[in-house]
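Peer 1: Model the following, please.
(3 chains)
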Amino acid sequence: MGTYIVKRLGQALLVIWLAYTAVFIAVQSLPNDPVTIFLSTDSAADPATIAQMKAYYGYDQPLFVQYFSQLLGLLRGDLGYSLSNGSEVATRIGEVAGSTLILAGSAFVLSVVFALIIASAASLARGGKLRKALLNLPPLMVSIPVFWLGLLLLQLLAVQLGVMSLFPDGSFMSLAVPIFVLAVHLSAPIAQVLIKSVQEVNRQPFIEVLRAKGASEAWIFYRHTLKNAAPAALSIAGITIGALLAGSVITETVFSRAGLGQLILQSVTAQDIPLVQGLVLLTAVVFTAVNLLVDLIHPQLDPRIVTSTSGATRSLVA
Amino acid sequence: MSLITEHVGSVDTADQPLASTKTATKIGNPAARWFAAWWVLIPLAVFVAWAFLPSLFTGHDPITGVPADKLLAPSAEHLFGTDHLGRDIYSRVVYGTRQTLLTAGLACLVGSVVGSILGLLAGTAGRFADTVAMRFVDIVLAVPAFLIALILVTATEPGPLSLGLGVGIASIAVFARLVRTEVLRVRSRDFVQAALMSGGKYFTVLRRHIIPHIVGPVLSLLAVDLGAAILAISGLGFLGFGSPPPTPEWGLLISEGRQYLSVAWWLTTLPGLVIVSAVMLTAVLGRAINKAFRF
Amino acid sequence: MRTAHFGLKTTAILAVLGLSLTACGGNANKTGAAQAVADPGTPVEGGTFTFAEVTPINNWQTQAARFYEKANVLNSVLDRLTYYDVEAGKLVGWIASEFEANEDQTEFTFTIRDGVTFSDGSKLDAEAVKLNLDALGKGIKSAQIAPNVDFAAYKSAEVVGGNKVKVTLKRPDANFLRSTSSVTAGLVSPKTLELDNAAQSSISKIVGSGPFVFESEKPDEEVVFSSRDDYAWAPETAPNQGDAYLDTLVIKYLPEVASRAGAAQSGQVDLVRGLQPVDEQVLASSGGKVYAAEGVDLTTNHAAVRIGSGKLEDVKVRQALQVAIDRQAIKDTVLSDSYVISGSILNHKAPGFVDLSAELAYNPEKAKQLLDEAGWKPGADGIREKDGKKLEVTVSTSNNSVVIKPAFELIEQQWREIGVQLINRAADNTFLTNALVDDKVEFFGTRQFAYGGLGPVYAPANNSQTLRADPELNKLFTKEQSATTDEEHLKLVEEEQRALVLDKALTLVLWDEVQVYGANSSANVEFTSGTAPIFQGAWKSEG
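Peer 2: Below you'll find the predicted structure:
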């Protein structure tokens, strides 16, 4: 187990480093260098100032020098300076990360709740019609564009009915509605995986044995089926990180919330390259860490998986 | 965003195996049976027809409006109403299908082809290839999909090519993982083991024994991925990374209409419903394919 | 949200004075059918006023305040040497109680008002003004801050006689005085000038002498300012000569256009910028107020022409496009009565404005003829071609204006009729980031602050409009800037407009700059000549 953890940790670091490098190369393809853009915003900047700025931020250096000095900075925990307002990248990210964490974290919890409700209702429902309707809920939920649902709810609740603030003012509705919008989209795949693994568990002989012994359906479901189906749903958590972030960009835009999503959008629009790279690093670390965690917890929940190391989470993607 | 949709569609939601056998036995007529499984192709065919022959479905000009008719509510004359320049929204939706399907189609093509090749390599070309391909997939997943698309669109110009490519790269990972899993499953079967042991050529084994078995899941995922790509592209359009006007495109129609949401609900709501139904249909199609290829 | 002011409904001693001045001083921004009639009530002391801007601000560096979202807020935080009074049509005293220029327009003397302090307690005296002027004229190297473009002629400043500052220019500049009224020439505490770039970009660190002082912020969500009780140095002609009526000013952001009218109507905000034309009637008829703040300090909305792609190199092509815009149709379709069609590159109320509307009249036949003469012949698809190149041009604008994109959508339709294809990248900020400095993007849809002549906007070799200098125009700008009498100066400003709009057609003018604000029925506010809300004079009605 120990070597397994070390090996997975090493792989995770490798993935993070490669992702960072890939983005460093990718941003070089952006059509203009950030300093010129920074200075040319709506007023004429003189070439001497541009040259001075470039030297100050190190953009006059050859690419590989820039790359290694950035990497070196990283090791010291220095992410560089945001070009759009001169403050440190780490500060900029720190300012808004909490807001996204609340939004995304709550949305994740809520989506798990939704998924559990849908999966248990679908599994326990009597009557084909209701069951069928419940089974069709996840595909419907995932087909609704997040921004569309958000815009319509905002217009209805905040503008037409006036029961919600248009701003993130800390009130219940102003937080609950964005969380709900995000959770609707997010809960679909979790519900789906849960339903599928519940069906698989249901086909296991021991469930039949329990039934034969006269255990109630609900008892079987909560006591055995769900417990055995949970690991599968857990493994999708890693995948939802990316979706959460993408969803956050849109939710934050619709509801005028500050957050990492907004920051990503701003940084790409302004071609604030140090900020883009800082954000990529953050998302790569979070994504890799969550997946690592899932991989490590997974065997604890389901001892059968220990041997098939790297395929564990992946096989469930299908 | 796309990842999540792919996930949903690719999992079979039907009440298996009980319900499916039930429906199959209930309906004896072959035509009815076909319809029960494949009705989804009919509405999808309408969308395809919109893309190829838009003028058959609407008499209005999608890009030149009549200013005097601006912001009209839906009526018999204008099914979906008109926009701020007096353009017929229904005709913009119909004409927008081509751009939407083209972009989403390209995204699927990129995702499925590159992803499948990676998956095949990972599953068949040895441990080293497996590790390399799967770490590559991890990297793609570690960078948020939409960030890849944003950078690509910013670096070039927004159009079917850059949007399709940007969104497509994001779905490489899902295809690669799916194909790899399926390959591993097929490989473990006796007949494939036997074919490999008996010294069968790599490509022959691949062609005869492996590829036929992964076609179903890949096709099924492809259908779902199309829906996911439509959603992802419309999301990018909403964030301001879509094709420039007057190009009609489904996502852009919503984001252009959102400005007038308080006075003209139809501009955003109706094209939105078209997107929801199209994406739903691709999910249903994915399920139907999955069922058909079940073995 | 509006609970804060209930306990503070006391009428100020100054109210009567304020009322009488409001009534006669008024404000120029009262045109347009949708315009709500300002309620001439008595200003009420106290309350929290919430203003929603269209986009979050993450760089507050004062000299970069050429964007509304910054200028609108900084206007109430920073004072300037002078103030441009639209009603009087002239510059009046502010922090400089008196100001004068020598005949050559190369030396200017400002007499600094006594008793003015920054909010950190330090004195706003002649020495502080000199330090500010140096920063504006020469930039701040250590903080990577570039000089202010309006101060291009600046050479030096010295303190004379204790309370006077004498500015010397490298060359004559008849517009220099007026540019000291710009928000971008806002005066900050000398300590602020010593900060590094990041600190000078942060609203929490910028110390001014204005009526509102920074209190707190939530990044990308809101900034809170509180009124400065000892403020007593408003511009000479301001209706309110004392501190602000309001206690607290809250700045929020409302990027969703569709929500703005509702926000103002419901009172979630007191004032919101960027009300779109279709919502003006909605808001006005549901009890809200619509304020159209005219941008007298700004050029009209226009498409600045870049000739880098070669397609617009021939002046005839540019002139053709100028008359191929049906401005009335734009107004009727995507604008409202709050908007006035351009008669030139300058605002109708700007000093020196010349009315060119007859020459700008919509004339597609003339446009086609001019294009034919220039050698652009209709191709198979209807789009004109020359030497195998299609007459396909691109426009870029920021997404902060609510009407610019629909306007260009309509222009795209109008130009299609004369065989010109417009690629409309309006409101695409990502594209704009690059287009700003790319002279192959033919049009930049914008409006610029212009304090007098158009030299600062068009003369620099890398000016943001045309991205190149025109020697003939620059000669004209120099001549105008050295004008020694007002009459001569205005005449030369007229000449500049003719050259830019007609002879060279380097700008396709559209409509006079106006910022339409939506307000709650209880909000009372006026605006500067730069369309910024004057929060120092704003107040909320009881109820």
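Peer 1: could you check the distance from the residue nearest to B:Glu182 when sequence neighbours are not counted over to chain A?
Peer 2: Counting by Cβ to Cβ, 6 or more residues apart in numbering or on different chains, B:Ile214 is the residue found nearest to B:Glu182 once chain neighbours are left out, at 4.4 Å. The C-beta positions use only the backbone N, C-alpha and C, and glycine is treated the same way. Here the criterion is Cβ to the nearest Cβ, to the nearest Å. By it, B:Ile214 lies 10 Å from chain A.
Peer 1: Counting neighbours, what do you get for B:Ile214?
Peer 2: Neighbouring residues of B:Ile214 were enumerated by other Cβ atoms under 10 Å in any protein chain shown; the total is 22.
Peer 1: helix/strand/coil for the residue nearest to the spatial centre of chain B?
Peer 2: The central residue of chain B, meaning the one whose C-alpha is nearest the mean C-alpha position (Cα atoms, centre = their mean), is B:Leu226 at 0.5 Å. Assigned with DSSP: H, G, I helix; E, B strand; the rest coil, B:Leu226 falls in the helix class.
Peer 1: show me the contacts for it.
Peer 2: For B:Leu226, the set of contacting residues under the criterion of Cβ atoms under 8 Å, 6 or more residues apart in numbering or on different chains consists of B:104-105, B:108, B:282.
Peer 1: rewinding a little: now for the residue nearest to B:Glu182, which secondary structure element holds it?
Peer 2: Here B:Ile214 is covered by helix B:211-238, with elements defined by DSSP states H and E.
Peer 1: tell me how far that helix is from the chain's mean position?
Peer 2: Put simply, helix B:211-238 sits 4 Å off its chain's centre (Cα atoms, centre = their mean, to the nearest Å).
Peer 1: any idea of the pLDDT on C:Leu14?
Peer 2: Per-residue confidence (pLDDT) for C:Leu14: 33.
Peer 1: Repeat that for C:Val305.
Peer 2: Confidence score, pLDDT, at C:Val305: 95.
Peer 1: Grab the nearest non-local neighbour of it.
Peer 2: Distances taken as Cβ to Cβ, 6+ apart place C:Leu506 nearest to C:Val305, at 4.9 Å, with adjacent residues excluded.
Peer 1: so who does the one you found touch?
Peer 2: Contacts for C:Leu506 (Cβ under 8 Å, 6+ apart) come out as C:304-305, C:318, C:458, C:465-466, C:470, C:473, C:500.
Peer 1: Next, check those against the helices and list the overlap.
Peer 2: With helices taken from DSSP state H, the overlap with those comprises C:318, C:458, C:473.
Peer 1: Among these, which one lies nearest to chain A?
Peer 2: Each of the ones in helices among the contacts of C:Leu506 was scored against chain A by Cβ to the nearest Cβ, and C:Tyr458 proved nearest at 10.2 Å.
Peer 1: quick one: that closest one and chain B, what's the gap?
Peer 2: Using Cβ to the nearest Cβ, one obtains 27 Å as the distance from C:Tyr458 to chain B.
Peer 1: Tell me, how many residues neighbour the closest residue to chain C within the stretch 151-295 of chain B?
Peer 2: At 3.8 Å from chain C, B:Leu261 is the closest residue in the stretch 151-295 of chain B, using Cβ to the nearest Cβ. Number of residues near B:Leu261 (other Cβ under 10 Å) recorded here: 24.
Peer 1: can you give me phi and psi for it?
Peer 2: phi -60, psi -30 (degrees, to the nearest 10).
Peer 1: Can you classify the nearest residue to it once chain neighbours are set aside as helix, strand or coil?
Peer 2: When the adjacent residues along the chain are set aside, B:Leu261 lies closest to C:Ala258, with 3.8 Å between them (Cβ to Cβ, 6+ apart). Taken by three-state DSSP, the conformation at C:Ala258 corresponds to helix.
Peer 1: what about C:Ala258, neighbour count?
Peer 2: As a measure of burial, C:Ala258 has 25 neighbours, counting by other Cβ under 10 Å.
Peer 1: That one contacts B:Arg258, correct?
Peer 2: Yes. Taking Cβ atoms under 8 Å as the definition, C:Ala258 is a contact partner of B:Arg258 at 5.9 Å.
Peer 1: which neighbours do the two share?
Peer 2: Applying Cβ under 8 Å, 6+ apart, one finds that C:Ala258 and B:Arg258 are jointly contacted by A:Leu151.
Peer 1: Helix or strand for B:Leu165, just tell me which one.
Peer 2: According to DSSP H and E, B:Leu165 maps onto helix B:160-187.
Peer 1: That helix versus helix B:211-238: what angle between them?
Peer 2: In this structure, helix B:160-187 runs at an angle of 150 degrees to helix B:211-238, with axes from the mean of the first three to the mean of the last three Cα atoms, to 10 degrees as the basis.
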